[in-house]
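Q: from the sequence below, what's the structure:
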Amino acid sequence: MSDLQPLDLYRFILQLGETQWIEEIRIFGSRRYLSNASYGSDVDLLVVPSRPIQIDKLRDLINQQYVDAFLLEGVLAISAANETRIDLTQPEAVKGLDAVPLWSRTHGWLAGQDYRILDIIPDKVPAMTTATAGAKPIILFCALASEFDAVRERVPGGTQKNHARIPPYYRAYVKTSQGKERLVVAVQTGVASVSAGISASRILDYFDRPQLAILVGITAGLKEKKKKSGSVRVLGDILVPTATVDVESGKVTPKGKEKAGQTIPVSPYRHSAVASWTGFDTWATGWKRLVDGTDSPPKIFTDCTLACTASVIAHNHYAQSFKQHNRKIAGIEMEAVGVATACQGRCDFLVVKAISDWADNRKGDDQHAYCASVSADLVISMIKDETI
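A: Numbers count the residues shown, from 1 in each chain. Just a heads-up that it's a prediction; the model follows:
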């Protein structure tokens, strides 16, 4: 479990900016320096008012005990926490302040991706402030580097973060159709359920109360027989399963293997929102690819499950045998059980993966780039649309 957690300073600053008499907000002190590793230090803000204001007015606004706000009053900066005074007429005091503008009433947020989220040591934050401190992101878990890169390309302008005790991650804000900004965090978990589960657990410990976790990327599909009616899945189509099925666990006896793997459902209401998204057809027209010589948009299949294995499968007969575990299995991937288990009791969980091969002897990576991109774009589009 990580000993650091994120403080969503960006959202806190925007809330302060709703107060009409605040004209500008700056950051100073040790946390002004992004390279500073003193996570136990508080975050010092300098609040510039548009008119004379009593310090009690500012104190009433600071409900985050990891923040100390100073009110600029003439040549003095006065702390709302303990009324410490910094005399800005002294050259050394002005030089030491070295404040960086974060927000102004005229221009809004000024610092780009910098300072949006600062790391804190949670033990030094009283429990009552947890809801304010939490960044509450949507977390996109990716097994492969190509999947991770596909997400990054669709949310540009973000920040890559590296910590010793948690997986590297990329964070960015996505603006929705309603004008909201939602924090999206992309994480590369590595391949296979155990690795993915450990990575997911560490990230979920780090971020306080994430809204939703989505496993996004590519999957092998199971070939179907031709149907008299209804759609047949083809490469590039998207699977959003109702559950992930552990097809590895069981008991081996002289009579064979007894199935004992669990089936872990995804979030029902999140799944329903995706399955009923009215914007899918319009979105899909932008992702046409050649299918039997015809430009065709991808289709989405939601009445299905996915098998989760510990091995890459390139054997059609063996792949088809997984339907003995669950007749609705439509694809095979390797991470969902681990990530789903990590998410239980912590946040909602979904899987969105595009079919890149048929788990047979012709298995290859020709479709990887398209499938990684189409699944990532679908997820980001639904976030922007506020469908999920």
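
Q: just give me the neighbour total for Q320.
A: Look at Q320: counted by other C-beta atoms under 10 Å, it has 14 neighbours. Yep, even glycine has a C-beta here, placed from its N, CA and C like the rest.

Q: now do the contacts for it.
A: With contact taken as C-beta atoms under 8 Å, 6 or more residues apart in numbering, Q320 is in contact with L222, K223.

Q: next, it: phi, psi?
A: Note on Q320: backbone dihedrals following degrees, to the nearest 10 are phi -60, psi -30.

Q: read off the pLDDT value for it.
A: For Q320, the model assigns a pLDDT of 94.

Q: quick one: it and K226, what's the gap?
A: Distance of Q320 to K226, given as C-beta to C-beta, to the nearest Å: 15 Å.

Q: same thing with A69?
A: 67 Å.

Q: those two - which one has more neighbours?
A: A69 (23 against 5).

Q: I'd say the more buried one and P49 touch.
A: No. With contact defined as C-beta atoms under 8 Å, A69 does not reach P49; the gap is 11.3 Å.

Q: now the strands for the stretch 151-300 of the chain?
A: 159-161, 169-175, 181-188, 212-221, 238-239, 243-246, 250-253, 256-259, 263-265, 289-291, 294-296, 300-301 (DSSP state E, counting those that start in this stretch).

Q: longest helix in this protein, please.
A: Of all the elements of type helix in the chain, the one with the most residues (DSSP state H) is helix 368-384.

Q: now do that helix and strand 169-175, the angle between them.
A: Here the directions of helix 368-384 and strand 169-175 differ by 50 degrees (axes from the mean of the first three to the mean of the last three C-alpha atoms, to 10 degrees).

Q: which positions in helix 368-384 come out as buried?
A: 368, 370-384 (16 or more other C-beta atoms under 10 Å).

Q: now flag whichever of these is closest to G293.
A: Ranked by distance to G293 (C-beta to C-beta), those are led by Y370 at 16.7 Å.

Q: ok, that closest one touching K288?
A: No. When contacts are counted by C-beta under 8 Å, Y370 is not listed as touching K288 (10.8 Å).

Q: output the below-cut-off pLDDT ranges for the chain.
A: With pLDDT under 70 as the threshold, the chain has low-confidence stretches at 1-4, 30, 32-41, 82, 90-97, 120-135, 164, 208, 227-230.
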